[in-house]
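# Output the structure for:
(one chain, ligands or ions: 1)
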Amino acid sequence: MINRRKFIQTLSLMGISTTSAKSRLMAKPAKPNSKDNPIILCSRGEQWGRKVLKPGWDILRKNGELLDAIEKSANVTELDPNDTSVGYGGLPNEDGVVQLDAQIMNGPDHNCGSVACLEGIKTPCSVARLVMERTDHIHLVGKGAQDFARMHGFKVENLLTESTRKIWVEWKENLSDKDDYFPPADGNYNRDRSTGTINVLGVNKNGDVAGITTTSGLAWKIPGRVGDSPIIGAGLYVDNEVGAVGATGRGEEMIRSCGSFLGVEYMRNGMSPQEACEAVCKRIIDINGGPSKVDFNDKIVALSKDGEVGCAAIQGRKGGEPTVATWSKKGFKATKGTYLIEV
Ligand code: ASP
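Below you'll find the model as predicted:
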């Protein structure tokens, strides 16, 4: 029998440090990026893309910190009350409380951090970054995540805007004709259950890769529900040798397929980012028993370490293709992706 002290002595004789697991992570130098093609990407089209990517690209083009670039870009949607799917102004859970999910992943040391069910903090991806950089943990949830954010100086605020409060009340009043809430006076409720989220992926001049996914999650979710966005390998995955993949849409499907991890592995095995995005969509369709069984959507975006881009969704239509936006030395570009099932 080897006791703990003996075990630790043996490890140190072997030159293995017994300090915290995360502090042992060593920055792995990236394979040089043959194309010297710094690029930042987000899972949005023309309208949001430009606004979101501008601050990130300004950092990246001056060869600034890759993590700062993706964080500043993701913060744009988090802080904007008009985006009802991310951060401040996101649609709440069924109790009218905004609960945010976010993760960040850094290629060079393969480190990551994430928060889930975080209430009252406008910029969850910045808290996720602190979990990654200032703790030996990866996931913090709920009250613990909020306490941690407060410890780092974040202000706790009401994230429900007047507009999202009204949308929530309208939804609640229309839920059932057997409860005691009257339907809204205009009796004209036909709002889809909205989805959103944003992925921001980046590659710097050296070919290092990083990514963020941030969201207020599914509108009207059961309190405490965690989607794919803060789950490593589901709503995001980054590998410095390969690239990054992020997802939006029905989170449960991304979780049970490990979809973003799968996309990165497809790329590692030779697929282009576009092929990888389509293959992840196909895998989810197959898991569900074929196209006729699929009544939800997921959209996958991918970025290779050489700066090649991919974008595909499970469902789409002509004129309603999934879109992806990038900013690189060639300027800003919004591109249409592909879809597998016409709806
Ligand atoms: N993926 C997010 C979630 O399931 C929602 C979305 O992207 O619309 O929480």
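
# CA atoms for contacts and neighbours, from now on please.
Noted.

# just the strands in the stretch 51-200 of the chain please.
Per DSSP state E, counting those that start in this stretch, the stretch 51-200 of the chain carries strands over the ranges 100-106, 111-118, 139-141, 198-203.

# near the ligand, which residues of the stretch 201-343 of the chain?
Gly217, Leu218, Gly227, Asp228, Ser229, Thr248, Gly249, Arg250, Gly251 (Cα under 6 Å from any ligand atom).

# my read: the first one touches Thr197, true?
Yes. Because the distance of 7.0 Å satisfies Cα atoms under 8 Å, Gly217 is recorded as touching Thr197.

# For Ser328, list the residues it contacts.
Contacts for Ser328 were tallied using Cα atoms under 8 Å, 6 or more residues apart in numbering; they are Asn37, Pro38, Ile39, Ile40, Trp57, Arg61.

# hmm, try it at 6 Å
Ile39 (Cα atoms under 6 Å, 6 or more residues apart in numbering).

# Tell me the bridge partners for it.
When bridges are called by DSSP bridges, Ser328 pairs up with Ile39, Gly331.

# Check it and give its pLDDT.
Ser328 carries a pLDDT value of 98.

# oh, and call the first residue 808 from now on, that's how I've got it
Let's use 808 as the start, then, which means that last one is Ser1135.

# Can you tell me how far it is from Val1010?
10 Å (Cα to Cα, to the nearest Å).

# next one: phi and psi at the spatially closest residue to Asp887 that is not a sequence neighbour?
Distances taken as Cα to Cα, 6 or more residues apart in numbering place Tyr895 nearest to Asp887, at 6.4 Å, with adjacent residues excluded. In this entry, Tyr895 is assigned phi and psi values of phi -60, psi 130 (degrees, to the nearest 10).

# Let's test this: name the helix or strand in the protein with the lowest mean pLDDT.
When each helix and strand of the chain is scored by mean pLDDT, DSSP states H and E, helix 811-820 comes last, with a mean of 55.

# Now stretch 1023-1033: buried residues?
Buried residues in stretch 1023-1033, counted by 16 or more other Cα atoms under 10 Å: Ser1023, Gly1024, Leu1025, Ala1026, Trp1027, Lys1028, Val1033.

# could you dump the strands of the stretch 858-1007 of the chain to CSV with mean pLDDT?
CSV is the format used below for those (pLDDT from 0 to 100):
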stretch, mean pLDDT
strand 907-913, 98
strand 918-925, 98
strand 946-948, 98
strand 1005-1010, 98
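
# Output those strands as TSV; include the columns mean neighbour count.
Supplementary listing: the strands of the stretch 858-1007 of the chain in TSV, determined by neighbours: other Cα atoms under 10 Å:
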stretch	mean neighbour count
strand 907-913	32
strand 918-925	28
strand 946-948	20
strand 1005-1010	31
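
# so which helix or strand takes in the residue nearest in space to the middle of the chain?
For the chain, the residue nearest the mean C-alpha position is Thr1020 (1.5 Å; Cα atoms, centre = their mean). If you go by DSSP states H and E, Thr1020 is part of strand 1016-1022.

# chain center to the very next helix or strand once past that strand, what's the gap?
As assigned by DSSP H and E, the chain's next helix or strand after strand 1016-1022 is strand 1043-1046. Centroid separation for strand 1043-1046 versus its chain: 10 Å, with Cα atoms, centre = their mean, to the nearest Å.

# Ala1109 is in contact with Gly1117, correct?
Yes. The pair Gly1117 and Ala1109 qualifies as a contact (Cα atoms under 6 Å) at a distance of 4.8 Å.

# For those two, indicate the residue with more neighbours.
Ala1109 (35 against 24; other Cα atoms under 10 Å).

# check which helix or strand covers the more buried one.
In the assignment (DSSP H and E), Ala1109 maps to strand 1105-1111.

# before we move on, what about Ile1091?
According to DSSP H and E, Ile1091 maps onto helix 1080-1094.

# hey, C-alpha coordinates of that helix in PDB?
Only the C-alpha atoms of helix 1080-1094 are listed here, as PDB (Å, rounded to 0.1, in the frame of the first residue of the first chain):
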ATOM      1  CA  PRO A1080     -14.700  23.900 -41.200                       C
ATOM      2  CA  GLN A1081     -17.700  23.900 -43.500                       C
ATOM      3  CA  GLU A1082     -17.700  20.100 -43.900                       C
ATOM      4  CA  ALA A1083     -17.400  19.800 -40.100                       C
ATOM      5  CA  CYS A1084     -20.400  22.100 -39.400                       C
ATOM      6  CA  GLU A1085     -22.500  20.100 -41.800                       C
ATOM      7  CA  ALA A1086     -21.400  16.800 -40.400                       C
ATOM      8  CA  VAL A1087     -22.300  17.900 -36.800                       C
ATOM      9  CA  CYS A1088     -25.800  18.900 -38.100                       C
ATOM     10  CA  LYS A1089     -26.100  15.500 -39.800                       C
ATOM     11  CA  ARG A1090     -25.000  13.700 -36.600                       C
ATOM     12  CA  ILE A1091     -27.800  15.400 -34.600                       C
ATOM     13  CA  ILE A1092     -30.300  14.600 -37.300                       C
ATOM     14  CA  ASP A1093     -29.200  10.900 -37.200                       C
ATOM     15  CA  ILE A1094     -29.300  10.800 -33.400                       C
END
